[in-house]
Each structure stands twice: as C-alpha cells, then as structure tokens.
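# for reference, the sequence and a predicted model appear below.
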Amino acid sequence: MYRKYPEQINLNYLRIFNELYITRSTTLAAAKLGITQSAVSQVLSKLRLATDDPLFIKGQNHLVPTVRATTIGEGLANELIQLDKRFYPQDFLSHGDFDGEINFAIGSPLIDVIAKNLVEIVIEVLPKAKINFTHWGDHTLDQVINGDVHIGLNLFPINAPKEIRQIPLIESQPIFISRTPNAWIEEGMELSGFEKHDFAGIIFSDINRMQPALENNDLTEGFKFKFRSESHSILAQFLQSDNSIVIADKLSALYYPGHYFYEVPDKVANLLPSRLSYALYYLQANQQHQIYSGSKDLVKSLIAGLLSSVELIANRNLHSDSTIT
C-alpha cells in the first residue's frame, strides 16, 4: 500500500531497530550507535506506534522481541549492509584501505599457539586497521552480538545463538608430548606403564567427559590426570620430568619446541576424540562484508600451514589390545 512521505518510516529508524534487535538493549544499542539511550527509546516509541505492536518486551535481563519484531529483524542487518555498499562502495573495495577497528577473541590454549602468526598476517592484510586481541571468555558470545568482539576463534562446535555464524575451518588431532624420547608411548603403551607416568591435559572442550573414560578403563588402568590446565606455560613446566606426558592437540605442539610428539596409540585412540575442529565466529549479519568473508580462508590457511610443520613420531602399537572396538 502506498503511503505518503510523512507517513513512511524514517530509514534511520531501521538502523536503530537493527541494533535493538541484535543487542536486545536500549543501552547497548545507544552505545553502539553513539547516540543517547533517550534517542533510542524515542525511536522505539515511534516504531511501536507505526506498527501497532510493542516490538520488544522487557525480559529478565534483556528485551525480548515479539513475533512482529522478529519478522522485521530477520535479515535486516544484511539488507542494511547491502544498502551501505551502494552508498559507500569504497569501504568494500580494498582491505588495504580499511582503517576501522577489528576486535578478535581467541580461545585458550589456541591464543598461545597462533597469536603471533595471526597478528603478523592481519597486519599484512589490514595495514591501516586498529587491531585488538583478547582471550575468549564466558561472555564472548554476548560481546559478538553487541559488537564488542568482531571475530572469534575457538573450538567447534559450541552452543552459540542463531545470530552468530559458526564457520568450521580445519581439523587437528590429539597427540602425546614428552620432554625426552618415550619408548613406552611409541610401543603402544603397555598396561603396567600407566602407573609409572604422570599425565596432564590441555585440550578438548569435552575433557570432563574424556577424563573418566581414561581413568576408569581396563585398557588404561592406573591412568590419572595430575594436571589439567588451559595454560601452556604451566604444562611446559610440568613436562620437566622424564616420566611426564601431556595430552594435547597437534596444533599445541608448536608451543613446545625441542619436545617429542607422538601419534595416539591404538590402545587409547578410541578413548580420545579422533578429530578436533576449529571455527570462526561472527555475526550472521556480517557475512557479506569482505573483512569477515575473507577471514575464513586467511585463518584456515594459517592453521593448515602450522599443522603441516609438526612432525609426529609413529608408534608401533606392540601392546595394542585386539579386543578394542
């Protein structure tokens, strides 16, 4: 239905609505847009009047969109990006000209392994950008939604809201690390050897599930985790004794130059995750932006190159148990 100009929605209202829909907060939306909370509330009142719908209802800690608000909000961010590309095409033409701010959040222990390489490659691709790196924390997903974090890098999959795009990159694998050559690992881990070694672990989002599987199994009788940590520096200190072994992933081996890296023997392979995936996390609404869409290949190539540089020592599995299924 045609509406006269004074009756039409101001397009700036849609930008404010979009931030409300993403952040679920008038305060956060105002901060993101650089305007007052009062201005956001006034626009929301006008949109409620125009749509004859409350649009957002107060929840316990955030605004809850109505069905009408969801209908308006789904895909709106991408439509606004496409509109901006028509008016400001230069913002999307060259990574070298991008002078905005990019905030990365990287999960532990990944940040200890790839941070230096990632900084170098980001500076090369985005020489004019302002780059911030931080550890992935309990509130990182919320920060991605409200715009405080632009790109996250962590294990995959994780339980993320539908507003966040999860892009699997590449797989790693579990390995054993020791300070000195360890014939016991190489020969397949004879049962009596478990009691003679101290273990520590750093990997796996499901380590709480993995630990009892390793510690209460006939194939690994005597196995106990002495340490569990997300800090490579702590585990590197743990590895000072010859009978200490760290269970990590292949990518983490880069933190331990001069150590020995072993494939997982068949005896315990079925007790560990066979593959570990990493992924990028960012707002669905940003998937058309070159900075975000190009980040997949850039980070994937970086991780693949790092993984290819790690040489694993094969094991002979002399003590593999034929009953393993």
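Sure thing, it's come through.
# Leu55: what's it in contact with?
Leu55 makes contact with 17, 44, 47-48, 65-66, 68-69, 72 under the criterion CB atoms under 8 Å, 6 or more residues apart in numbering. Every residue, glycine included, has its C-beta placed from N, CA and C.
# restricted to strands, list the residues you listed.
Among the contacts of Leu55, DSSP state E puts Pro65 in strands.
# for this structure, give me the ranges with low pLDDT.
Regions of the chain meeting the criterion pLDDT under 70 cover residues 1-8, 85-95, 203-209, 320-325.
# do you have the strands of the stretch 151-300 of the chain handy? List them.
Using DSSP state E, counting those that start in this stretch, the strands of the stretch 151-300 of the chain run over 151-156, 164-172, 174-178, 198-201, 225-228, 244-249, 260-262, 276-283.
# figure out which of those is closest to Ser25.
strand 276-283 (15.5 Å; CB to CB).
# partners of that closest one, with directions?
strand 151-156 (antiparallel), strand 164-172 (antiparallel) (DSSP bridges).
# any idea which of the ones you listed is most buried?
Highest mean neighbour count among the strands paired with strand 276-283 (mean count of other CB atoms under 10 Å): strand 151-156, with a mean of 21.
# picking up where we left off before, possible to save the strands of the stretch 151-300 of the chain as JSON lines with distance to Pro54?
Formatted as JSON lines, those follow (distance: least, CB to CB, whole Å):
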{"stretch": "strand 151-156", "distance to Pro54": "32"}
{"stretch": "strand 164-172", "distance to Pro54": "26"}
{"stretch": "strand 174-178", "distance to Pro54": "51"}
{"stretch": "strand 198-201", "distance to Pro54": "50"}
{"stretch": "strand 225-228", "distance to Pro54": "48"}
{"stretch": "strand 244-249", "distance to Pro54": "48"}
{"stretch": "strand 260-262", "distance to Pro54": "59"}
{"stretch": "strand 276-283", "distance to Pro54": "25"}
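# does the spatially most central residue of the chain have beta-bridge partners, and which?
Centroid-nearest residue in the chain: Asn154, 2.6 Å away (criterion: CA atoms, centre = their mean). As for beta bridges, Asn154 partners with Ala279 under DSSP bridges.
# want to try CSV for the contacts of Leu55, with distance to Gln290 and neighbour count as columns?
Listed next are the contacts of Leu55 as CSV, based on distance: CB to CB, whole Å; neighbours: other CB atoms under 10 Å:
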residue, distance to Gln290, neighbour count
Phe17, 25, 25
Leu44, 32, 20
Leu47, 31, 21
Arg48, 36, 16
Pro65, 29, 21
Thr66, 34, 16
Arg68, 33, 14
Ala69, 29, 22
Ile72, 27, 20
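# just the helices in this protein please.
Taking DSSP state H as the criterion, the chain carries its helices at 11-23, 26-33, 37-51, 67-73, 76-87, 110-125, 140-146, 183-186, 207-215, 232-238, 266-269, 290-293, 295-308.
# among the ones you listed, which comes closest to Pro174?
Nearest to Pro174 among the helices of the chain is helix 266-269; the distance by CB to CB comes to 8.5 Å.
# using PDB, list the CA coordinates for the closest one.
Extracted in PDB, the C-alpha atoms of helix 266-269 (Å, rounded to 0.1, in the frame of the first residue of the first chain):
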ATOM      1  CA  ASP A 266      45.600 -47.700  19.100                       C
ATOM      2  CA  LYS A 267      45.200 -48.800  22.700                       C
ATOM      3  CA  VAL A 268      43.800 -45.400  23.800                       C
ATOM      4  CA  ALA A 269      42.700 -44.000  20.400                       C
END
